[in-house]
Every structure is written in C-alpha cells, then in structure tokens.
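A.B. asks: Just need the structure, nothing else, for what follows:
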Amino acid sequence: MNRPKSAPLRGRRAVVRGAVALAAGLGLVAATSGSAHAVPVRLDYPLTGTTHLQGTGSDLELGPGVLEVTADLRAGTLSANTQLPPAPGSFKMLGAIPVSVTTEFVETEPTTGTIDLKTGALKTTTKLTLRLKNLKVAGIPTPVGSSCRTEAPAELNLTSDPGFNALRGGTLSGTYSIPKFEHCLLATPLINLIIPGDGNTVRLTLAQPAPPPAA
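C.D. replies: Numbering: from 1, shown residues only. Here you go, the predicted model:
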C-alpha cells in the first residue's frame, strides 16, 4: 500500500492556516466597533526578487528570504522584518574591467506600510543599509574592511503591482537612491565613483504566506 506524500499535505495545511489567520483577522475587524482593537495577524511571506543598480548597470538577485509581517487589519497598517541573504554580483567597470562584490542589505528599522482593505493593495517603506564585502577588481582581492557601508540608509518605497493578493502573494516594485559609502579603506573613492546615485529599481515577489513556525 502506497503511503501518501507528506510534503504537499504540509504545504496545503500551511496555506489553510494562513487563510484562517487572515480570515479570522478580517472577521474580527468587521465585528469590532468603538474603541475595540483587532488582534494583529502574523504571516511570513517567502521572498525573492531582483534589484537593478543604475551606477554599475548590473542586476543583483535577492533572496530567497522572508518578509515577516504583522498586520493590523482594523487600522489597515503593517510592520515587517525583512530577512535577505548576501547578494553576490558582478559588472564591468569602464566597460572592460571585471568587478565582483557581495552586497548585504541590512534593515535598520522595521518596514512600515499600509493595506487597502478594499483592494488588498500594499504600500511599504523599508530603510536598508548597504554593506559591501569580497570586492575584487580584475580578479584581484581589494580590501574594504569590515565596516564598508552606506553613510545613511537607503529608503525603498514599494507599491504592490495589480493582482496582488494577501493570501496568494504577488509583486512589489519601486525605486530608490543609494547614498555614498564610508569606511571602505582605500577603495572608498572608487566605490563612491561607481555605485551611489538615483534610479535604482527593485522588484520583489512574495509567495503564498504561512503562519510563523511554532516557537
């Protein structure tokens, strides 16, 4: 007798739990009135994406990571923690010299946002410090120290694309500016000549959410 496969079943259960959590939150919103408060809804969205860096003319693959969302459905607001792994990338400086570097996107404070309870549309603001390591120019390791980072956080203002659904996920996109870098040793002038600036774009895909793992 064949034994049923457990992975798809666990996936369905996670989706059901997420749906129940969100539906319970929505039901509580409808039922509450006056000064009562809805119970926050906690969901984790698997996260992948890309960002295009205007200064280098290159793309970085983002993720897989997790967006840990806490939503106040009565107020139509959310807060979230963004978890992303380091993103290795490469480009050609002056169109000929190969450069490779790893970028870390470190959230400096929780993401904030709003939820349109009628359409499900999201708007979020995330502040991230960009850190650089493993810089190589023409294949030669170029020291940047352990504290090479932007002088100030970059601010990402993202809006959900049409078709976004809180139970199924969807896409968020937007643009951002990269501040100048500091503490990158002798490579600081070179980095600031190439990477900082406006016109950088980001596109994030949120997969079906699930409740956070049990503690």
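A.B. asks: ok, residue 139 to residue 100 distance?
C.D. replies: When Cβ to Cβ, to the nearest Å is applied, the distance between residue 139 and residue 100 equals 8 Å. All C-beta atoms are positioned from the backbone trio N, CA, C, and that covers glycine.
A.B. asks: Could you measure from the residue sitting nearest the centre point of the chain over to residue 133?
C.D. replies: With distances taken as Cα atoms, centre = their mean, the residue of the chain nearest its centroid is residue 82 (5.2 Å). When distance is defined by Cβ to Cβ, residue 82 is 19 Å away from residue 133.
A.B. asks: looking at this, residue 214 is in a strand?
C.D. replies: No: when the secondary structure is assigned by DSSP: H, G, I helix; E, B strand; the rest coil, residue 214 falls in coil instead of a strand.
A.B. asks: Chain neighbours aside, what residue packs nearest to residue 153?
C.D. replies: residue 127 (4.0 Å; Cβ to Cβ, 6 or more residues apart in numbering).
A.B. asks: next one: residue 173
C.D. replies: Excluding its sequence neighbours, the residue lying closest to residue 173 (Cβ to Cβ, 6+ apart) is residue 203, at 4.6 Å.
A.B. asks: swap in residue 47?
C.D. replies: residue 65 (4.4 Å).
A.B. asks: if I've got this straight, the one you found is in a strand?
C.D. replies: Yes: using three-state DSSP, the assignment for residue 65 is a strand.
A.B. asks: name the helices or strands packed onto the host helix or strand of the residue nearest to residue 173?
C.D. replies: Residue 203 is part of strand 197-206, with elements assigned from DSSP states H and E. Packing contacts for strand 197-206, counted by 3 or more Cβ pairs under 8 Å, 6 or more residues apart in numbering; DSSP states H and E, involve strand 41-53, strand 58-72, strand 154-160, strand 170-178.
A.B. asks: The third one pairs with which strands?
C.D. replies: When pairing is defined by DSSP bridges, strand 154-160 lines up against strand 122-137 (antiparallel), strand 170-178 (antiparallel).
A.B. asks: gap between the closest residue to residue 129 other than its chain neighbours and residue 54?
C.D. replies: Residue nearest to residue 129 in three dimensions, not counting chain neighbours: residue 106, with 4.7 Å by Cβ to Cβ, 6+ apart. Counting by Cβ to Cβ, the separation of residue 106 from residue 54 is 21 Å.
A.B. asks: Low-confidence ranges, the protein, go.
C.D. replies: 1-38, 215 (pLDDT under 70).
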